[in-house]
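> 3D model of this:
(one chain, ligands or ions: 1)
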Amino acid sequence: MATLKAVRGTRDLLPPETALWNRIEATARAVFARYNFGEIRTPIFEDTSLFARSVGEETDIVSKEMYTWSDGERFDEEALADEWIKRGTSEKRFFVEGAAQLNTYLRPLGIRFINHVPDQPEFVCFRPKATSEAVDLLLKARSDIKSPQLQQRYHADLEYLRRFEIKLRIVVPSGTADSATWIDTHGVEVEQFQNRTAVFKSSQSLTLRPENTAGVVRAYIEHKLGESGQLQKLYYIGPQFRRERPQKGRFRQFWQIGAEVIGPPSAGSESSLRDAEVLEMLATLLDELGITGWTLELNSVGSSADRERYNQVLRAALVEVAAKMCADCQRRAVTNPLRVLDCKVPEDQPIIESLPRITDSLDQESKKHFAAVTAVLDAVGVPYKLNSRLVRGLDYYTRTTFEFTHGGLGAQNALLGGGRYDGLSEALGGPKAPGIGFAIGLDRLVLTLQAADADQRSAPPQVDAYIAPLGENLNAAALALARELRRAGLSVELGDGSFRLKKSFEAADKIARRIVILGEDELQSGILTVKDFATGTQTKVPRAELARMLALPRRP
Ligand code: HAM
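Numbering: from 1, shown residues only. I've put the predicted structure just below:
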């Protein structure tokens, strides 16, 4: 049989690498706490229209990369049965006395036992349509009723049933009946039941989140977070999903650490200080993680009016040159000209460089806002590089946009990206709530740190002690000792009494700083033998001293 593997573009994260993931996440949480951010966790899937309306229909993410499915129309058997019984309560009612027992047997088959007309017991199967499977179930129920085992189990009901002709019926929503002969020949009747809407739940298009900003803003609106009048500073850590062509640093399930600052304008959410503070926090976080050599690329895409104006200018300029560009650019020139600036095709670069720049389309307000952001960055000493082509691949951005890139990442060189989205809340039907945020590609952060220190991947963290019981009768005592040490805060691995001493030493040497030998003598005397692998010394340690001694750092 072919073995199953993780789906292309997804992967398992295993120890010891997960230790690095945990360290990064813990550092991020600690930094976010210092900047007064609280954690938000939004669902992994959302209504598809949330992403269409925020990220934008024409973006690559929404038009080609989303994992979307129709959470299809569902047939609700309970609803049909309830409706059916409600409609004819006078005559269609459950035969309750004793039949409750029989129903527990019939229910798993999707069949109800009904006393339709007095003295005419009936098996009714409620279905989205009349199928041969439903007929088979009814026939099985009828023949099972006649089996000696069941006759014994449900004696009272069967006594009652034996006297009558048992009727078999399938109840289906109107318009879904099937007149196939197997229904007629088996004496099964089909009843079509009006009112489809009550028994089918309508479908909804759902999407695995390709990013988290839309979900955060949806939650901000849904929970009326703006009503507090406070600035909301929210961070998240979680998986995102995009059907992209997998390559180094690009996965179909990837992780983001992100944060959003959003609130009513009266709380200062529009202030350029927010932008500068977010960027300064990112520089601090990368520094604390030990990531060196990053570049902050910065731009302003202006207000939505500026963008609209620039779009027109760009569209007009592209009419002249698009025919000489790649197929994607030719399409984007018409559908979403801004995306042309993201093109990576080398031959297109000189043409793109000659196109009008968004910086020239900004109005005075946008220019002032951006100048204030860069002034604060200059004052606090966060270096940046202006890049007028940085328009980002999501449609909700206004004003400040940025990316932190890293040379070690190759083609997928963006460690993180973000920007301001002043009109997003309104676009989703919410109150005015300007905001700014970012998302770090956690997978790319890990790759960068691993490249900087290849050892982090290969060297497993060592446990403080390995306990080696000398005989299976000492296993319980060994676990008791391990429990004592673990409760004292030490990391401990446990051998097995069936191991030879040599095997215990070999196993311990690979994963532990020290080995603790637990034989009969040690147990009786309370004096344990401890070997330190770094120094090669072997010492006798009283049990009461053991935890303290094992906690001592490794000697050189
Ligand atoms: P984004 O630029 O689409 O922005 O993604 C942010 C970061 O996620 C990228 O810079 C990259 O590091 C990482 N990333 C994206 N796609 C992949 C992938 N397929 N595999 C691995 N890593 C990937 C956003 O998602 C915005 N929501 C950021 C934001 C927050 N803007 C405002 N607030």
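> contacts, neighbours, all on C-alpha from now
Fine.
> Against which helices or strands is whichever strand or helix holds residue 184 packed?
Using DSSP states H and E, residue 184 falls within helix 181-185. When contacts are defined as 3 or more CA pairs under 8 Å, 6 or more residues apart in numbering; DSSP states H and E, helix 181-185 packs onto helix 132-145.
> Output the helix it packs on in PDB with nothing but the alpha carbons.
Below are the C-alpha coordinates for helix 132-145, written out as PDB (Å, rounded to 0.1, in the frame of the first residue of the first chain):
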ATOM      1  CA  SER A 132     -32.600   1.900  -3.000                       C
ATOM      2  CA  GLU A 133     -30.500   2.200   0.200                       C
ATOM      3  CA  ALA A 134     -33.500   3.600   2.100                       C
ATOM      4  CA  VAL A 135     -35.600   0.700   0.700                       C
ATOM      5  CA  ASP A 136     -33.000  -1.700   1.900                       C
ATOM      6  CA  LEU A 137     -32.900  -0.200   5.300                       C
ATOM      7  CA  LEU A 138     -36.700  -0.500   5.700                       C
ATOM      8  CA  LEU A 139     -36.700  -4.100   4.500                       C
ATOM      9  CA  LYS A 140     -33.800  -4.900   6.900                       C
ATOM     10  CA  ALA A 141     -35.700  -3.300   9.800                       C
ATOM     11  CA  ARG A 142     -38.800  -5.300   9.000                       C
ATOM     12  CA  SER A 143     -36.900  -8.600   8.700                       C
ATOM     13  CA  ASP A 144     -34.900  -7.800  11.800                       C
ATOM     14  CA  ILE A 145     -38.100  -7.300  13.800                       C
END
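> next structured bit after that helix?
helix 148-153.
> tell me how far that next one is from the chain's mean position?
50 Å (CA atoms, centre = their mean, to the nearest Å).
> contact partners of it?
If you take CA atoms under 8 Å, 6 or more residues apart in numbering as the criterion, helix 148-153 is touched by 144-145, 158.
> Can you give me the distance of the residue nearest to residue 257 when sequence neighbours are not counted to residue 359?
Nearest residue to residue 257, sequence neighbours excluded (CA to CA, 6 or more residues apart in numbering): residue 237, at 4.4 Å. Separation of residue 237 from residue 359 (CA to CA, to the nearest Å) stands at 33 Å.
> mind checking pLDDT for residue 556?
Per-residue confidence at residue 556 stands at 45 (pLDDT).
> For residue 294, give me its contacts.
By CA under 8 Å, 6+ apart, the neighbours of residue 294 are 404-407.
> Test of understanding: give the bridge partners of it.
residue 406 (DSSP bridges).
> End to end on stretch 204-216, go ahead and measure it.
20 Å.
> My error: substitute stretch 170-181 in the last question.
14 Å.
> Measure how far it is from the centre of its chain, please.
The answer for stretch 170-181 is 41 Å, by CA atoms, centre = their mean.
> Could you do stretch 363-371 as well?
Worked out by CA atoms, centre = their mean, stretch 363-371 lies 37 Å from the chain centre.
> List the contacts of that stretch.
271-272, 300, 302-303, 306, 399-400.
> Repeat that for stretch 30-46.
Against stretch 30-46 from outside (CA under 8 Å, 6+ apart): 206-209, 212, 215-216, 219, 233-237, 239-240, 281, 285.
> okay, that stretch in PDB with CA atoms only?
Provided in PDB are the C-alpha atoms of stretch 30-46 (Å, rounded to 0.1, in the frame of the first residue of the first chain):
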ATOM      1  CA  ALA A  30       7.400  38.900  25.700                       C
ATOM      2  CA  VAL A  31       8.100  41.800  23.400                       C
ATOM      3  CA  PHE A  32       4.400  42.300  22.600                       C
ATOM      4  CA  ALA A  33       3.600  42.300  26.300                       C
ATOM      5  CA  ARG A  34       6.100  45.100  26.800                       C
ATOM      6  CA  TYR A  35       4.400  47.200  24.100                       C
ATOM      7  CA  ASN A  36       1.000  46.500  25.800                       C
ATOM      8  CA  PHE A  37      -0.400  44.100  23.100                       C
ATOM      9  CA  GLY A  38      -2.900  41.400  24.100                       C
ATOM     10  CA  GLU A  39      -3.500  38.100  22.200                       C
ATOM     11  CA  ILE A  40      -6.400  37.500  19.900                       C
ATOM     12  CA  ARG A  41      -7.300  34.100  18.400                       C
ATOM     13  CA  THR A  42      -9.700  34.100  15.500                       C
ATOM     14  CA  PRO A  43     -11.100  31.100  13.700                       C
ATOM     15  CA  ILE A  44      -9.000  29.300  11.100                       C
ATOM     16  CA  PHE A  45     -11.800  29.500   8.500                       C
ATOM     17  CA  GLU A  46     -14.100  32.400   7.800                       C
END
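> So which bits of it are buried?
Buried residues in stretch 30-46, counted by 16 or more other CA atoms under 10 Å: 31-32, 37, 42, 44-46.
> repeat for stretch 489-506
490-499, 501, 504-505.
> Parallel or antiparallel, which strands does the helix or strand containing the residue nearest to residue 257 pair with?
Using DSSP H and E, residue 237 sits within strand 232-241. Paired neighbours of strand 232-241 in the sheet (DSSP bridges): strand 38-39 (parallel), strand 253-262 (antiparallel).
> Perfect, that will be all.
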